[in-house]
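In: Got a predicted structure here, sequence first:
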Amino acid sequence: MTIGIIGSGLMGTGIAQIAAAAGESVLLFDTKAGAAEKAVASIGDMYRKLAAKGKMSDPDAVHARITVAPSIDAMKDTRLVVEAIVEDLDTKRDLFANLEAIVGDNCILASNTSSISITLLAAKLRRPERVVGMHFFNPVPLMELVEVVKGLATSDSVAEQVFATAARWGKTPVYAKSTPGFIVNRVARPYYAEALRLLNEGAASAASIDAIMREAGGFRMGPFELMDLIGHDTNFAVTRSIFNAYFNDPRFAPSLIQQELVEAGRLGRKSGRGFFDYAEGATPPAPQFETPRPAPHHFSIYGEDPLMAAMVVRLHSFAQVSTCPHLIADNATLLLTDGKRASERAPCERLSNVVLVDYASDFGAAKTLAVTRAATCTDSAYASAVGLLQAAGYKVIRLRDLPGLAVLRTMSMLANEAADAVNQGVCTIEGVNAAMRKGVNYPIGPLAWAEQAGVVRVREALQHLSEYYGEDRYRTSPFLREF
């Protein structure tokens, strides 16, 4: 069938590129004179580069499947039109109203919107049941995810056809209900929000938190470098939009730190400065790793935790490790964080030299671990703890003694938001796990992580965060309580 694409910016061009490569005939239209022609030429250049690398055969034949539409009237015989124009409700509504007067009754009208309600887009049309969201991620040729978003009127048949089309184009489609942020933009909010809160409370520097989330959490980019890449104007606008759309739910509250950056024009890479300085010759800030300490001969790990098994193997190479709770004076006791502060756990468990270790997605492979210490922990005991972890091959970053440290609190909040999306019928468990892996390159789906780490651990972490802050922000999703 012939596919119509309206808009020849980055998204429209990318959609045209993958559709033609999958065998579709594509009509590309843009209201700006010469824009579509320029986009088609750039696609041809990309195809030839792919062919030179052995990733495509006969690039000219594939390129020939894309035609510039002289006017929107050329969409008359298409069976699917995907709009990728400016992110504005009225502009998109006007476009769909014009298209409805041109295309046949069987033509599906799809929007690449990342945030606008599909229900709103379709509400004034004669046939709202054929309007559906087909949300691609940038860059389209590389990102695998497509959110297939159903509005209140979208027919199951239309959604199923778009789902099948996205799969045929080599993408991983997931169904989503039309709610603010759909899946990815909603569930991803805690990745930024918890980092911003940690920075605001002086837990560590932005560069240190980034290192922890990359080298312990397993994320490809830390939250601050990712916000700098996205652009703070864009990221802040999305956060505010979702916050307002959910009637000021504190889980989505924007950060004053990010607002300040936007007001100062420090938008990230696009402006040359955000959390970090991107000017030519600027030195990137380094994470604040602990200085080298000598390794002790004996060290105690309080209790047994299967998640720490890989770490214990590394520790055994350098010291005698016991799991008994009886300690020799001045020896440190290593505990995996459960969401409480170290200074709360020390008296509760009748221990003084408590050093809490943050969660890691893989203790065997992790390069960095975050730690904190109880107020009663002696300097010598803390030095012993750091020295042992360093001898086992970990770089160590000390955080202020805040609940949940960095990885555990962030992953718990991601899992909680994913659980709420499932609880509210926005998506399935499989859908949210796939969406976060394929849409934003998370190392593991948030609910898959909750299962791996232990749902009880996640619920406890959220409870401790809620008790410490006294905020509804950390309320546990009903779905997570039963998961």
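Out: Thanks, I have it.

In: Let me see the ranges of the strands in the stretch 251-400 of the chain.
Out: Along the stretch 251-400 of the chain, counting by DSSP state E, counting those that start in this stretch, strands occupy 298-301, 320-322, 333-336, 354-357, 368-373, 395-398.

In: least trustworthy helix or strand in the chain by mean pLDDT?
Out: strand 320-322 (a mean of 67; mean pLDDT, DSSP states H and E).

In: winner for burial among the strands of the stretch 251-400 of the chain?
Out: Among the strands of the stretch 251-400 of the chain, strand 354-357 has the highest mean neighbour count (mean count of other CB atoms under 10 Å), at a mean of 27. C-beta: built from backbone N, CA, C; applies to glycine.

In: In CSV, list the C-alpha atoms belonging to that strand.
Out: Coordinates of each C-alpha in strand 354-357 appear next as CSV, following Å, rounded to 0.1, in the frame of the first residue of the first chain:
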residue,chain,number,x,y,z
VAL,A,354,27.4,0.5,59.4
VAL,A,355,28.4,1.2,55.8
LEU,A,356,25.4,1.0,53.4
VAL,A,357,26.0,-0.1,49.8
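
In: Who does that strand pair with, and is each partner parallel or antiparallel?
Out: Partners of strand 354-357 in the sheet, by DSSP bridges, are strand 333-336 (parallel), strand 368-373 (antiparallel).

In: got the contact list for the longest one?
Out: Residues outside strand 368-373 that contact it (CB atoms under 8 Å, 6 or more residues apart in numbering): 204, 211-212, 214-216, 287, 289, 341-342, 354-358, 360, 382, 385-386, 389, 394-402, 405-407.

In: Can you say which of the residues you listed are buried?
Out: 204, 211-212, 214-216, 287, 289, 341-342, 354-358, 360, 382, 385-386, 389, 394-399, 401-402, 405-407 (16 or more other CB atoms under 10 Å).

In: which residues touch the residue nearest to Leu402 when sequence neighbours are not counted?
Out: Spatially, and ignoring its direct neighbours in sequence, Leu402 is nearest to Ala203 (5.4 Å; CB to CB, 6 or more residues apart in numbering). By CB under 8 Å, 6+ apart, the contact list for Ala203 reads Ile209, Leu399, Arg400, Leu402, Ala406.

In: again, 6 Å this time
Out: Contacts for Ala203 were tallied using CB atoms under 6 Å, 6 or more residues apart in numbering; they are Leu399, Arg400, Leu402.

In: pLDDT and distance to His464 added to the residues you listed, as TSV?
Out: What follows is the contacts of Ala203, written out as TSV (pLDDT from 0 to 100; distance: CB to CB, whole Å):
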residue	pLDDT	distance to His464
Leu399	98	15
Arg400	98	16
Leu402	98	11
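
In: so can I have JSON lines of those showing distance to Tyr442?
Out: Output for the contacts of Ala203, formatted as JSON lines (distance: CB to CB, whole Å):
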{"residue": "Leu399", "distance to Tyr442": "22"}
{"residue": "Arg400", "distance to Tyr442": "26"}
{"residue": "Leu402", "distance to Tyr442": "23"}
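
In: Domains of the protein: list them as residue ranges, please.
Out: Recorded structural domains for the chain (assignment: automatic domain parsing) are 2-178, 186-263, 298-398, 408-482.

In: ranking these by mean pLDDT, which is last?
Out: Among those, domain 298-398 carries the lowest mean pLDDT, at a mean of 85.

In: Span of stretch 216-226 from start to end?
Out: Chord length of stretch 216-226, first to last residue, is 16 Å (CA to CA, to the nearest Å).

In: ok, now stretch 170-190?
Out: With CA to CA, one end of stretch 170-190 sits 29 Å from the other.

In: Show me the contact partners of that stretch.
Out: Here stretch 170-190 has contacts from 117-119, 144-151, 163, 166-167, 238, 242, 245, 252, 413-414, 417-418, 421, 425-427, 431-432, 434-435, 438-440, using CB under 6 Å, 6+ apart.

In: Quick check: strands, which of those residues are part of them?
Out: Cross-referencing the contacts of stretch 170-190 against strands under DSSP state E gives Leu145, Val146, Glu147, Val148, Val149, Lys150.

In: most surrounded residue in the residues you listed?
Out: Counting neighbours by other CB atoms under 10 Å, Val149 leads these with 31 neighbours.

In: So it versus Ser477, what's the distance?
Out: 21 Å (CB to CB, to the nearest Å).

In: Next: Lys53.
Out: 45 Å.

In: Compare the two and say which one has the larger neighbour count.
Out: Shown here are Lys53 and Ser477; by other CB under 10 Å, Ser477 has more neighbours (21 against 8).

In: so the more buried one makes contact with Leu414?
Out: No - using CB atoms under 6 Å, Ser477 is not in contact with Leu414, being 11.5 Å away.

In: Distance to Ala282 for the domains of the chain - can I get that in a markdown table?
Out: Below are the domains of the chain laid out as a markdown table (distance: least, CB to CB, whole Å):
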| stretch | distance to Ala282 |
| --- | --- |
| domain 2-178 | 26 |
| domain 186-263 | 12 |
| domain 298-398 | 22 |
| domain 408-482 | 26 |
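
In: Can you say which of those is nearest to Thr283?
Out: Nearest of the domains of the chain to Thr283, taken as CB to CB: domain 186-263 at 11.2 Å.

In: And that closest one, end to end?
Out: First residue to last in domain 186-263 (CA to CA) measures 24 Å.

In: just use 348 as the starting number from now, easier for me
Out: Done: numbering now begins at 348, and the last item shifts to domain 533-610.
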